[in-house]
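Chemist: Sequence plus the predicted model coming up.
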Amino acid sequence: MLSDALLHLYRLMMRIRVFEEKVQELHKLGRLPGFVHVYLGEEAVAVGACSVLRRTDHITSTHRGHGHCIAKGADVAPMMAELFGKADGYCKGKGGSMHIIDTSLGILGANGIVGGGIPMAAGAGLADTVLGRDGVTVCFFGDGAANQGVLLEALNLSAIWKLPVVYLCESNHYMEFTPTADLTAGRIYRRAEPFGIPGVEVDGNDVLEVRRAAAEAVDRARRGEGPTLIEAVTYRFAGHSEGEEAFVSAYRTEEEVESWKARDPVTCFRERLLAELPDRASELDDIDDAEQASVEAAVRFAEAAPFPPPGQALEHVFAEAGA
Amino acid sequence: MKRSPAGTGENFGFSDAPSATATAAGGGSEAVMTYLEAISDALRTEMRRDPDVLVMGEDIAGSFGGAFKVTKGFEEEFGARRVINTPMCEQGFVGAANGMALMGLRPVVEMQFADFISTGFDAIVQYAAPNHYRWGAPVPWVIRAPSDGGIRSGPFHSQNPEAWFVHTPGLKVVAPSTPADAKGLLISAIRDDNPVIYFEAKPLYRSIRGEVPSGEHTTPIGKASIVREGTELTVVTYGSIVHQSLAAADRLAGEVSVEIVDLRTLKPLDTGTVLASVRKTGRAVVVHAANRLAGVGAEIAALLAEEAFEYLDAPVARLGGLDTPVPFSPPLEDAYRPDQAKITEAIRRTARF
C-alpha cells in the first residue's frame, strides 16, 4: 500500500478514537442526553472494511455505529450535533446516537435494535442487482446480532441470489453484558458454511488484515459471485453503554480488558507506521492534532446549534408527495 | 357495482381462476372486473409505467402467480428481476424491501396471508414506519395483505390485523371495498413515498365485480367515500363489511334512512367526512370485521365523542369481531363475525334509542 493510503487509514482510526473519547467525556459531564455506545477498540474493523469501498457502495450500521459512519465518510460536526439532539444533526435531532444516516455517502443508517440492519443490507444488495449496478453493501453487525434469526434469513437470501453483500460480524466478545460464548453455539463465521458461502475469521484489531479480507470479499461480491461472512475478532474497550457502571457490576476482569488494550488497534498501527515510515513520523502527530481539533470544532458546532422547536415533533412523520 | 348474494368468497381458494388480463392503456374506458382482477390490473399498470416498481413474495412468480393468482403471468411480462419469489422469511424479505426502498426502488410485497405479517412485524414497525421521521429517508413500499375471514379458514388465515399498523406512526393503511378502489388505492399506494399497508379483503376477491377505470386510475389516500346517502343514521365501515352494511341498509329501506361511509383509508383517517356525516344524521354505528377491543372502531367512536358529542342523539354503537382468535367451525365463525343481521339489529337499536 502507498504510504499516503496507510496514513489515511490511521487518520480515520484516529478520528473515530478522538470522537468517541470526546463522547465519553461529554457523557460523563452530563452534556449528552440519552444512551451512547462507543466504538473504542474496534476502530480497525470499520476503517479496514470501508477503505475498500467506493463512495457509491453502501453500509448498514448498528447501535455502536459512530465508527462505521466516520469510516464511510460522515462529517463529525452533524454527527456530534445529532448526539446533542440538535436541529443541525444528521437526523435533525429526531434520531440521536443510534440513528446516524447519510445516504449520499452510502450510509444506509444506524439502527438501535440489534440486527436491524441485516435484512436491509440484503435489500440494498438486491437493489443493486435488480438495477444492474456493480455496487457492494457491507453489513456491520455484532456477535450479539448473530443470534437473531434474521441473520440466517439474510444469509440465505444473499446466497440464493448471489447478492453483493459482505456480512461483517464484529465479535467484541460481549452481548451487552453477557459473554458471547456463554449463549452462542459454535463459531459465527462457520455459519456461512451451510449456505455455501465463504466464512472467514480475521484479526479485527489489525486494520490491514481486515482490509485484506474485506477486499477479497468485496471483489468477489462485485464480480457477481455472492456474499461472504467475515468475523472480525475484536474487543470493546468501553462498556456496552456509557454510564453503565451506575447500574451494572463489573462483568469483565481488569486483566482481560488490559490484555486487549495491549493490542489497541490504533496505537499498534501507529507503532507499525512509525517503524515502517520513520520519515513521516511528524505527520502522525499532525494527524492527531488535526483530528483532535476537528472534534473540538464539532463540539462547538453542536453546542452552538439550536434545539429543534417543539412544534417539529409533529413534522416528518410522513414523506410528502414527491419528497 | 354488483354484489353477489350472501356467502361471499365462494370462489376463494387456490383454484386456478382466471386473473386479470385486460388492461387498456390510456384512460377513458372502463372494464368490469372482479376485485382480484382490479388488484392485478393496478400492479400491471404501475409496473408498465415505472421500472422501479417490482413485486416480491412467496410463490408469486412463474406460472403459479401467487396463492391467489394476482401475479399470474407477471414473470413472463416483467422478468424475474421484477417478479421475485422469496423464501418464507417475512422479516428477511420485508427487511430487504426496506433496503430496496432506501435505494430508490418501489417494492410491492405480497404477504401470502395478512396473518403472516406478524413474522415481519419488526421490519415494518421498527424500520419502515419510523425511517422518515428518524432518518429523513422515505420508504416507498407497499405490503399487500390478504386479510379477512368468513371463508372458513381458521385462526391463522382469517385475521384483520389492521389496528396494529394504524397504531404505528409512519405507516399508511388502506382497505378498499370495491374493484375500482382496489385498483385506485393500490396505484396511489405504490406512488406514495411512505410505507403503505394495503389490506385486501379475501372474501371480496371473486365475489364482487364492478366497473374499473382503465389505465392510470387513482383513488386518493386519506379520503373516505359516501357509498350510500341517508339522513337518519351513519354506518362507518370499511372492507368487506361495507357490503354487509349496504345489504343491511337496503333491508331497512323505508324504516331507517342510512348513510354509509366507506373509510377506504384507515390512516390517515378522513375525519372530516365521518364528522360531517354524523353531524348530519346524529346517529352512528361503527362496524368492522376485526375484533372490537382497541380496534379502528374504537378510534372512530372516540372521535365522535370528542368532536360530535353535541350532535349525537344516541350512543355510538360499535360492532366488530369477538375478542377471540378467529374460530374455524362455521357456526363459531358466524358467531365471531359481524354480518348483515347483526348490523341490521345495531342500526335498529341505535335508530330507536
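Modeler: Perfect, I can see it now.
Chemist: I'd guessed residue B:171 sits against residue B:129; true?
Modeler: Yes. The pair residue B:171 / residue B:129 is scored as a contact, 4.8 Å apart, by Cβ atoms under 8 Å. For the C-beta atoms, the positions are set from N, CA and C on the backbone; glycine is no exception.
Chemist: what is in contact with these two at once?
Modeler: When contacts are counted by Cβ atoms under 8 Å, 6 or more residues apart in numbering or on different chains, residue B:171 and residue B:129 have residue B:195 as shared neighbours.
Chemist: Closest residue of the stretch 151-300 of chain A to chain B?
Modeler: Residue nearest to chain B within the stretch 151-300 of chain A (Cβ to the nearest Cβ): residue A:153, separated by 3.0 Å.
Chemist: What's the separation between residue A:109 and chain B?
Modeler: As judged by Cβ to the nearest Cβ, to the nearest Å, residue A:109 and chain B stand 5 Å apart.
Chemist: give me the number of residues near residue A:160?
Modeler: Look at residue A:160: counted by other Cβ atoms under 10 Å in any protein chain shown, it has 14 neighbours.
Chemist: What's the per-residue pLDDT of it here?
Modeler: For residue A:160, the model assigns a pLDDT of 98.
Chemist: what bits of chain B have low per-residue confidence?
Modeler: When residues are selected by pLDDT under 70, those of chain B lie in B:1-28.
Chemist: and the residue nearest the centre of it, what is it in contact with?
Modeler: For chain B, the residue whose C-alpha lies nearest the mean C-alpha position (Cα atoms, centre = their mean) is residue B:175; its distance is 2.0 Å. Taking Cβ under 8 Å, 6+ apart, we find residue B:175 in contact with B:147, B:162, B:198, B:199, B:200, B:201, B:238, B:239, B:263, B:264, B:265, B:266.
Chemist: Would you confirm that residue B:300 contacts residue B:286?
Modeler: Yes. Under the criterion of Cβ under 8 Å, residue B:300 lies in contact with residue B:286, with a separation of 4.7 Å.
Chemist: overlap in contacts of those two?
Modeler: If you check residue B:300 and residue B:286 against Cβ under 8 Å, 6+ apart, the residues they both contact are B:236, B:316.
Chemist: who has more neighbours, those two?
Modeler: Neighbours were tallied for residue B:300 and for residue B:286 using other Cβ under 10 Å; the higher tally belongs to residue B:286 (28 against 25).
Chemist: Surely the more buried one forms part of a strand?
Modeler: Yes. With DSSP: H, G, I helix; E, B strand; the rest coil as the criterion, residue B:286 is part of a strand.
Chemist: which residues does the nearest residue to it once chain neighbours are set aside contact?
Modeler: Leaving aside its sequence neighbours, residue B:286 sits nearest to residue B:297 (Cβ to Cβ, 6 or more residues apart in numbering or on different chains; 4.1 Å). Residues near residue B:297 by Cβ under 8 Å, 6+ apart: B:236, B:286, B:287, B:288, B:318, B:319, B:320.
Chemist: how does it look with 10 Å?
Modeler: Residue B:297 makes contact with B:163, B:236-238, B:285-288, B:290-291, B:316-320, B:338 under the criterion Cβ atoms under 10 Å, 6 or more residues apart in numbering or on different chains.
Chemist: how far away is residue A:213 from residue A:8?
Modeler: Taking Cβ to Cβ, to the nearest Å as the measure, residue A:213 and residue A:8 are separated by 19 Å.
Chemist: do residue B:335 as well
Modeler: Here the criterion is Cβ to Cβ. By it, residue B:335 lies 71 Å from residue A:8.
Chemist: ok, now residue A:198?
Modeler: Taking Cβ to Cβ as the measure, residue A:198 falls 27 Å from residue A:8.
Chemist: do the same with residue B:203
Modeler: In this structure, residue B:203 and residue A:8 are 62 Å apart, going by Cβ to Cβ.
Chemist: swap in residue B:162?
Modeler: Residue B:162 sits 52 Å away from residue A:8, going by Cβ to Cβ.
Chemist: out of the two, which sits in the busier spot?
Modeler: Comparing residue B:162 with residue A:8 by neighbour count (other Cβ under 10 Å), the higher total belongs to residue B:162, at 26 against 15.
Chemist: Was I right to think that one contacts residue B:288?
Modeler: Yes. The pair residue B:162 and residue B:288 passes the contact test of Cβ atoms under 10 Å, sitting 8.2 Å apart.
Chemist: so what sits against both of the two?
Modeler: A shared contact of residue B:162 and residue B:288, defined by Cβ under 10 Å, 6+ apart, is any residue touching both; here these are B:148, B:175, B:238, B:239, B:266, B:295, B:296.
Chemist: Tell me the backbone dihedrals of the residue nearest to residue B:286, please.
Modeler: Recorded main-chain torsions at residue B:297 are phi -60, psi -30, according to degrees, to the nearest 10.
Chemist: State the distance from it to residue B:304.
Modeler: Computed as Cβ to Cβ, the residue B:297 to residue B:304 distance reads 10 Å.
Chemist: Could you do residue A:92 as well?
Modeler: Taking Cβ to Cβ as the measure, residue A:92 and residue B:304 are separated by 36 Å.
Chemist: And for residue A:86?
Modeler: Counting by Cβ to Cβ - residue A:86 and residue B:304 are separated by 41 Å.
Chemist: Same question for residue B:45.
Modeler: Distance check for residue B:45 against residue B:304: by Cβ to Cβ, it reads 37 Å.
Chemist: Going along the chain, name the helices of the stretch 51-200 of chain A.
Modeler: Read by DSSP state H, counting those that start in this stretch, the stretch 51-200 of chain A holds these helices, from start to end of the chain: A:66-71, A:76-83, A:117-130, A:149-160.
Chemist: For the third one, enumerate the helices and strands it packs against.
Modeler: Under the contact definition 3 or more Cβ pairs under 10 Å, 6 or more residues apart in numbering or on different chains; DSSP states H and E, helix A:117-130 sits against strand A:58-60, strand A:137-142, helix A:149-160, strand A:165-171, helix A:207-222, strand B:53-57, helix B:90-102, strand B:106-110.
Chemist: Just the angle for it relative to helix A:149-160, thanks.
Modeler: Relative orientation of helix A:117-130 and helix A:149-160, computed by axes from the mean of the first three to the mean of the last three Cα atoms, to 10 degrees: 20 degrees.
Chemist: Name the spans of the stretch 201-323 of chain A whose pLDDT lies under the cut-off.
Modeler: Low-confidence segments of the stretch 201-323 of chain A, defined by pLDDT under 70, are located at A:321-323.
Chemist: can you map out the helices along it?
Modeler: Counting by DSSP H, counting those that start in this stretch, the stretch 201-323 of chain A has these helices, from start to end: A:207-222, A:254-261, A:265-276, A:281-304.
Chemist: likewise the stretch 51-200 of chain B?
Modeler: Taking DSSP H, counting those that start in this stretch as the criterion, the stretch 51-200 of chain B carries its helices at B:74-78, B:90-102, B:121-122, B:131-135, B:162-166, B:179-191.
Chemist: Out of those, which is closest to residue A:139?
Modeler: helix B:90-102 (9.6 Å; Cβ to Cβ).
Chemist: Determine the number of other residues adjacent to residue B:288.
Modeler: Number of residues near residue B:288 (other Cβ under 10 Å) recorded here: 29.
Chemist: so who does it touch?
Modeler: Contact partners of residue B:288, counting by Cβ under 10 Å, 6+ apart, are B:148, B:160, B:162-163, B:175, B:236-242, B:263, B:266, B:295-297, B:300, B:318-321, B:338.
Chemist: and for stretch A:278-288, what are the contacting residues?
Modeler: A:3-4, A:6-8, A:10-15, A:17-18, A:266, A:269-270, A:273-274, A:277, A:290.
Chemist: Identify each buried residue in that stretch, please.
Modeler: Residues of stretch A:278-288 classed as buried under the neighbour-count rule (16 or more other Cβ atoms under 10 Å in any protein chain shown) are A:280, A:283, A:284, A:287, A:288.
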